[in-house]
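A.B. asks: I would like the atomic coordinates for the input below:
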Amino acid sequence: GGITAISWNIAAINSNPFEYWLTHPDEDYAKLMASVEKFILEPAEQDVRVGDVFTDEMWSELKALMEKEGWPGVAETESMWKDDLSQ
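C.D. replies: Residues are numbered from 1 along each chain as shown. The predicted model follows:
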């Protein structure tokens with residue numbers, strides 16, 4: 001016997017579980033992580049534009065909520081949406 005323990009920094013800014021790749025004897029884990037890395041580096045035909053997932057209608061709804069909250073930078077964010085992210 002002994003104690004086996006694992007911890008996860010749940011206070012990390014990024015909650016992406018694929019950000020933390022650790023050495024583990026499970027071959028399926030290594031295969032999963034290698035596949036995720038390959039997809040991120042070489043998405044090929046699986047690459048999807050942000051504008052195909054997040055629509056202009058969604059942007060309009062988000063923009064209205066941001067303005068209602070009085071957030072600064074809404075105009076700059078809209079420019080980024082129109083000139084880059086929605087393309």
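A.B. asks: make it CA atoms for all contacts and neighbour counts henceforth
C.D. replies: Noted.
A.B. asks: For the strand or helix carrying Leu65, which helices and strands make contact with it?
C.D. replies: Per DSSP states H and E, Leu65 falls inside helix 56-69. The helices and strands touching helix 56-69, judged by 3 or more C-alpha pairs under 8 Å, 6 or more residues apart in numbering; DSSP states H and E, are helix 74-80.
A.B. asks: give me the low-pLDDT residue ranges for the chain?
C.D. replies: Applying pLDDT under 70 to the chain picks out residues 8-18.
A.B. asks: show me where it has helices.
C.D. replies: Along the chain, counting by DSSP state H, helices occupy 27-41, 50-53, 56-69, 74-80.
A.B. asks: Can you lay out these as JSON lines showing mean neighbour count?
C.D. replies: Below are the helices of the chain laid out as JSON lines (neighbours: other C-alpha atoms under 10 Å):
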{"stretch": "helix 27-41", "mean neighbour count": "12"}
{"stretch": "helix 50-53", "mean neighbour count": "12"}
{"stretch": "helix 56-69", "mean neighbour count": "12"}
{"stretch": "helix 74-80", "mean neighbour count": "13"}
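A.B. asks: I'd like a version of the ones you listed in TSV, one that adds distance to Trp21 as further columns.
C.D. replies: Formatted as TSV, these follow (distance: least, C-alpha to C-alpha, whole Å):
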stretch	distance to Trp21
helix 27-41	7
helix 50-53	26
helix 56-69	33
helix 74-80	32
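A.B. asks: looking at those helices, which is closest to Gly2?
C.D. replies: helix 27-41 (23.7 Å; C-alpha to C-alpha).
A.B. asks: and stretch 58-72, how far out from the chain's middle?
C.D. replies: Stretch 58-72 has its C-alpha centroid displaced from the chain centroid by 21 Å (C-alpha atoms, centre = their mean, to the nearest Å).
A.B. asks: right, and the helices of the chain - which one's nearest Glu19?
C.D. replies: Once those are compared by C-alpha to C-alpha, helix 27-41 is nearest, at 9.8 Å.
A.B. asks: Dump the C-alpha coordinates for the closest one into CSV.
C.D. replies: What follows is helix 27-41, C-alpha atoms only, in CSV (Å, rounded to 0.1, in the frame of the first residue of the first chain):
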residue,chain,number,x,y,z
GLU,A,27,-1.6,4.3,-24.2
ASP,A,28,-5.1,5.6,-24.9
TYR,A,29,-4.3,8.8,-23.0
ALA,A,30,-1.2,9.4,-25.0
LYS,A,31,-3.1,8.7,-28.2
LEU,A,32,-5.8,11.1,-27.2
MET,A,33,-3.4,13.9,-26.4
ALA,A,34,-1.3,13.3,-29.6
SER,A,35,-4.5,13.4,-31.6
VAL,A,36,-5.6,16.7,-30.0
GLU,A,37,-2.2,18.2,-30.6
LYS,A,38,-2.2,17.1,-34.3
PHE,A,39,-5.7,18.6,-34.8
ILE,A,40,-4.7,21.9,-33.3
LEU,A,41,-1.5,22.1,-35.4
